[in-house]
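1. Predicted model and sequence below, questions to follow.
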Amino acid sequence: MGFNMRAYLPLGGVIAALLILSGASTTLALQQGFSATLLLLILIILLLVAHLFSLFKRQQKQAEMVIRALANGDSTLGLGQHHPMRQQFDEVKSHMQSARFNAEQQAQFLQALLIHVDLAVLVCDNEGAVIESNPAVSKLLGKSVKQLTDLGAIGELILTTERNLRTTCSWQHGEQQDTLSVQLSIATIQGKTRRVVSLQSIHDQLQHKEQQAYKRLTKVLTHEIANSITPLSSLANTCTALLPNELCFSDVEDKQDLQLALNTLASRTQHLGEFITRFRQISSLPKANLTPVQLGDLLERIITLFQQQAQAQHTTLALEIQSPQLVLLDSSQIEQVLINLVKNALEVLAQQYKNHNTHCAAEPAKPASITLTLGQNSAQQVYIDVADTGPGIAEHVVDMIFVPFFTTKQQGSGIGLSLSRQIMLNHGGDLVYLAKAQGACFRCVFG
């Protein structure tokens with residue numbers, strides 16, 4: 001209270017002086033009328049009134065400066081030690097500093113959470129400029145994003161939608177292909193429209209579901225077909241063995257036809273049984289026995305294995321190792337994948353060479369080659385490319401090449417690529433087809 005009294009003393013002194021001088025001037029005017037003394041008193045009163053207004057103005061200006069400084073986060077300005085509002089000012093200052101500190105802590109927590117969360121999050125304004133994003137965005141998409149236009153069709157969808165949205169979209173950056181789950185929330189933050197976008201890869205989940213469906217289908221088919229094939233094959237062989245040589249027919253050809261029919265039935269059921277046995281490998285693939293393996297050495301063994309066959313059909317086998325890689329894998333299973341891919345490429349090139357000799361014997365055949373490349377992609381994943389100079393795969397069948405039973409070969413079983421992909425998926429990677437200007441390229445990606 002003492003501080004407040006001292007703060008009010010100048011103001012009280014001015015008011016008291018005004019009252020005294022006003023009374024004195026009134027008495028003097030009544031007794032003597034207008035005089036020099038009365039004029040002097042009036043001038044002094046006017047000066048005191050002006051001084052009073054200046055005191056009010058100075059106090060108001062000081063309060064405005066302090067409040068503006070607090071609003072801007074500047075706590076260095078303050079009221080005087082004896083100011084009547086000093087205590088209230090200190091309380092407001094303390095509350096604002098506490099609120100600002102809590103807000104900064106919360107912002108730092110949210111920032112740390114965004115950095116460490118695997119979910120890719122983007123915050124954009126209504127014009128498509130990215131205001132905030134976390135490192136998971138560039139990791140998922142393979143590039144940094146400054147504008148929604150950098151996301152192509154996905155960005156256009158996010159920018160033109162006027163309501164919350166959840167959908168799936170295909171994404172491709174260079175050779176990186178993915179399927180993304182896109183979730184959009186539109187909110188008004190501090191009076192401005194903000195678009196909060198979360199992106200998540202569901203490529204692995206879709207592949208897992210697909211492979212599980214294939215496995216269930218395979219188990220049902222192999223069980224039902226095998227149950228039917230076994231007695232058919234047995235009956236055909238039994239009938240063939242029981243058919244006596246002296247059995248008489250009205251026509252000799254009837255006996256030959258019966259013999260041929262039984263032999264054909266036995267042969268086809270045997271082949272079908274072998275096919276089902278191979279197809280069953282997809283659903284009963286043993287767990288990968290992971291050991292550290294130098295991929296360069298493994299590829300050299302594959303080259304050696306097919307070198308003689310390649311030379312016999314005028315095909316060049318090449319190996320490119322961009323950087324030696326030590327990877328945990330099941331050597332026998334990965335060798336089987338590479339053998340399947342190289343064998344397919346050799347068969348395609350052999351057929352191409354045969355067709356050329358048949359239709360264009362006068363023209364020299366184009367050089368045929370198969371290149372095995374070991375390298376790393378932009379996501380730091382190790383990969384092996386098996387690329388050939390053949391005709392490639394027709395665009396309308398690309399989506400079907402990994403489906404079990406599907407094949408474009410006359411004598412194919414449709415098992416090789418499906419089994420190879422299953423092996424790569426079990427290794428935490430993938431087997432993908434890359435479209436090239438010439439030829440086909442299969443990439444084995446290791447997780």
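-> All right, it came through fine. Numbers count the residues shown, from 1 in each chain.
2. Residue 319 - that's part of a helix, no?
-> No: with DSSP: H, G, I helix; E, B strand; the rest coil as the criterion, residue 319 is strand rather than part of a helix.
3. That one reaches residue 300, doesn't it?
-> Yes: between residue 319 and residue 300 there is a contact at 6.7 Å, judged by Cβ atoms under 8 Å. Just so you know, the C-beta spots here come from the backbone N, C-alpha and C atoms, and that holds for glycine as well.
4. residues touching residue 43, list them.
-> Neighbour list for residue 43: empty [criterion: Cβ atoms under 8 Å, 6 or more residues apart in numbering].
5. quick one: what helix or strand has it in it?
-> Using DSSP states H and E, residue 43 sits within helix 36-71.
6. Tell me how far that helix lies from the chain's centre.
-> Going by Cα atoms, centre = their mean, to the nearest Å, the spacing between the C-alpha centre of helix 36-71 and its chain's C-alpha centre is 67 Å.
7. What of stretch 29-39?
-> 94 Å.
8. can you map out the helices along the stretch 251-400 of the chain?
-> Ranges of helices within the stretch 251-400 of the chain are 252-283, 295-312, 331-359, based on DSSP state H, counting those that start in this stretch.
9. Throw these into JSON lines and include mean neighbour count and distance to residue 431, thanks.
-> Converted to JSON lines, the helices of the stretch 251-400 of the chain look like this (neighbours: other Cβ atoms under 10 Å; distance: least, Cβ to Cβ, whole Å):
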{"stretch": "helix 252-283", "mean neighbour count": "15", "distance to residue 431": "13"}
{"stretch": "helix 295-312", "mean neighbour count": "15", "distance to residue 431": "15"}
{"stretch": "helix 331-359", "mean neighbour count": "18", "distance to residue 431": "7"}
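10. Quickly, which of these bottoms out on average pLDDT?
-> Least confident of the helices of the stretch 251-400 of the chain, judged by mean pLDDT, is helix 252-283 with a mean of 68.
11. hmm, back to that, identify each buried residue in the helix holding residue 43, please.
-> Taking 16 or more other Cβ atoms under 10 Å as the basis for neighbour counts, the residues of helix 36-71 that come out buried are 38, 41, 45, 48, 52, 59, 62, 66, 70.
12. Quick one: name whatever helix or strand follows that helix.
-> Proceeding N to C from helix 36-71, the next assigned helix or strand is helix 86-116, under DSSP H and E.
13. Counting by contacts, list what that following helix packs against.
-> Applying 3 or more Cβ pairs under 8 Å, 6 or more residues apart in numbering; DSSP states H and E, one finds that helix 86-116 contacts helix 36-71.
14. If I take the helix it packs on and helix 86-116, what angle do their directions form?
-> Orientation of helix 36-71 against helix 86-116 (axes from the mean of the first three to the mean of the last three Cα atoms, to 10 degrees) gives an angle of 20 degrees.
15. what sits up against the lengthiest strand in the chain?
-> Longest among the strand segments of the chain by residue count, using DSSP state E, is strand 176-189. Strand 176-189 is contacted from outside by 140, 142, 154, 157-158, 161-172, 193-203, 206, 377-379, 432, using Cβ under 8 Å, 6+ apart.
16. Okay, and which of the residues you listed map to helices?
-> 140, 154, 157, 158, 203, 206 (DSSP state H).
17. which of those has the most neighbours?
-> Of all the ones in helices among the contacts of strand 176-189, the most densely surrounded is residue 158 (22 neighbours; neighbours counted as other Cβ atoms under 10 Å).
18. mind listing what that one touches?
-> Applying Cβ under 8 Å, 6+ apart, the residues near residue 158 are 124, 148, 151, 165, 182, 184, 195, 197.
19. cool, residue 420 as well?
-> Contacts of residue 420 were listed using Cβ under 8 Å, 6+ apart, and they are 336, 337, 340, 341, 431.
20. now, among those, which is nearest to residue 14?
-> Closest approach between those and residue 14, by Cβ to Cβ: residue 431, at 92.7 Å.
21. Tell me how far the closest residue in space to residue 239 that isn't next to it in sequence lies from residue 44.
-> Distance criterion Cβ to Cβ, 6 or more residues apart in numbering; nearest residue to residue 239, sequence neighbours excluded, is residue 262 at 5.2 Å. Applying Cβ to Cβ, to the nearest Å, one obtains 140 Å for the distance of residue 262 from residue 44.
22. per the record, what domains does the protein have?
-> According to the domain assignment given by automatic domain parsing, the chain is divided into the following structural domains: 2-98, 117-201, 206-283, 291-445.
23. Export those domains as TSV, with columns for distance to residue 106.
-> As requested, these are arranged in TSV below (distance: least, Cβ to Cβ, whole Å):
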stretch	distance to residue 106
domain 2-98	13
domain 117-201	14
domain 206-283	37
domain 291-445	33
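24. Any idea which of those domains gets closest to residue 108?
-> domain 117-201 (13.5 Å).
25. and the closest one, how far apart are its ends?
-> The straight-line separation of the ends of domain 117-201 (Cα to Cα, to the nearest Å) is 14 Å.
26. where's it relative to the chain centroid, distance-wise?
-> For domain 117-201, the gap between its own C-alpha mean and the chain's C-alpha mean amounts to 10 Å (Cα atoms, centre = their mean).
27. Kindly state which of the helices of the stretch 251-400 of the chain is positioned closest to residue 437.
-> Nearest to residue 437 among the helices of the stretch 251-400 of the chain is helix 331-359 (16.3 Å), distances taken as Cβ to Cβ.
28. what angle sits between that closest one and helix 295-312?
-> Here the directions of helix 331-359 and helix 295-312 differ by 30 degrees (the same axes, to 10 degrees).
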